[in-house]
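**Student:** Coordinates only, no sequence provided:
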């Protein structure tokens, strides 16, 4: 399966401009049908912690755009957005997944909103991982700060996940952690890890890009820089199976500890 990660410099709380940015970036690249397109965390607004702004016209506005994008490209689409909840002034920070026929098939709520940035005051934590089958792969999306919690990846592994997607607004100041942790999660779970980060600046933070696709042995097979653009690679089920057979570390997990 071909994977395309879109590094985006999200305009601040300007959904129409960000939709245009994505379309422009994608127009410069031939996209194979039935591929996987991945957009960053909260791609349509930037990492705004004001639900009154990020939830405006939602979920119809962003979900309609993503549904159309999936249908036009005839691809699976994973992207970050906020979704409303019953509690006033609160939201969930989500990764939504659309099938190539434009149907929303899954939504994952970020389990670990980051307290150091005050996200936990406005984005309520999710409580479960969401794994879906795409062709011969089982795919689990996670979001940014989740990357620092390996136990969440282990939970997904119990659902037979072999491809992890981490969408992010990961600050440039900690970009080396991003790279190292993506490789670590791939190595310890013998799975592909696709990390798609945003670039540019918003009113509070500067972002580091460096989107990666890491193979099950922890090797970086493609890597972005700090500019807008696309990373691309192919993930292979046979590579996962071969490595898990050659080095069956997952069989030695001690569940009772």
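**Tutor:** Nice, I can see it. A quick note: this is a predicted structure, and the numbers were derived from the prediction, not measured. Numbering: from 1, shown residues only.
**Student:** can you give me the helices for the chain?
**Tutor:** With DSSP state H, the ranges of helices along the chain come out as 15-27, 51-54, 60-73, 150-157, 175-189, 237-246.
**Student:** Same list (those) but as CSV, adding mean neighbour count.
**Tutor:** For glycine as for every other residue, the C-beta is placed from the backbone atoms N, C-alpha and C. Below are the helices of the chain laid out as CSV (neighbours: other Cβ atoms under 10 Å):
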stretch, mean neighbour count
helix 15-27, 16
helix 51-54, 18
helix 60-73, 18
helix 150-157, 17
helix 175-189, 19
helix 237-246, 13
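**Student:** Retrieve the pLDDT associated with residue 255.
**Tutor:** Looking at residue 255, its pLDDT reads 86.
**Student:** Same question for residue 248.
**Tutor:** On pLDDT, residue 248 comes in at 97.
**Student:** how far away is it from residue 55?
**Tutor:** From residue 248 over to residue 55 the distance is 46 Å, taken as Cβ to Cβ, to the nearest Å.
**Student:** Of these two, which one has the most company?
**Tutor:** Set side by side, residue 248 and residue 55 show more neighbours around residue 55, with 20 against 10, by other Cβ atoms under 10 Å.
**Student:** Just give the closest residue to the more buried one, not the sequence neighbours.
**Tutor:** Nearest residue to residue 55 in three dimensions, chain neighbours excluded: residue 84, at 5.2 Å (Cβ to Cβ, 6 or more residues apart in numbering).
**Student:** Neighbours of the one you found, how many?
**Tutor:** So residue 84, with other Cβ under 10 Å, has 14 neighbours.
**Student:** Tell me who's in contact with residue 76.
**Tutor:** Contacts for residue 76 (Cβ atoms under 8 Å, 6 or more residues apart in numbering) come out as 34-37, 70, 97-100, 134.
**Student:** In contact with the residue nearest to the spatial centre of the chain: list those residues for me.
**Tutor:** Central residue of the chain (Cα atoms, centre = their mean): residue 167, 2.6 Å from the mean position. Neighbouring residues of residue 167 by Cβ under 8 Å, 6+ apart: 38-41, 43, 78-80, 95, 141-144, 196-197.
**Student:** Which two among those residues are spaced furthest apart?
**Tutor:** 43 and 142 (15.5 Å; Cβ to Cβ).
**Student:** Which residues does the residue nearest to residue 201 when sequence neighbours are not counted form beta bridges with?
**Tutor:** Nearest residue to residue 201 in three dimensions, chain neighbours excluded: residue 207, at 7.1 Å (Cβ to Cβ, 6+ apart). Beta-bridge partners of residue 207, counted by DSSP bridges, are residue 171, residue 200.
**Student:** what do you get for residue 96?
**Tutor:** The partner list for residue 96 in beta bridges (DSSP bridges) reads residue 79, residue 107.
**Student:** Can you get me a residue count around it?
**Tutor:** For residue 96, using other Cβ under 10 Å, the count is 22.
**Student:** residues in contact with it?
**Tutor:** 63, 66, 78-81, 83, 104, 106-108.
**Student:** make it 7 Å
**Tutor:** 63, 66, 79, 81, 104, 107 (Cβ atoms under 7 Å, 6 or more residues apart in numbering).
**Student:** What separation do you get for the residue lying closest to residue 234 once chain neighbours are set aside and residue 230?
**Tutor:** Spatial nearest neighbour of residue 234, chain neighbours left out: residue 2 (5.4 Å); criterion: Cβ to Cβ, 6+ apart. The gap separating residue 2 from residue 230 is 11 Å, by Cβ to Cβ.
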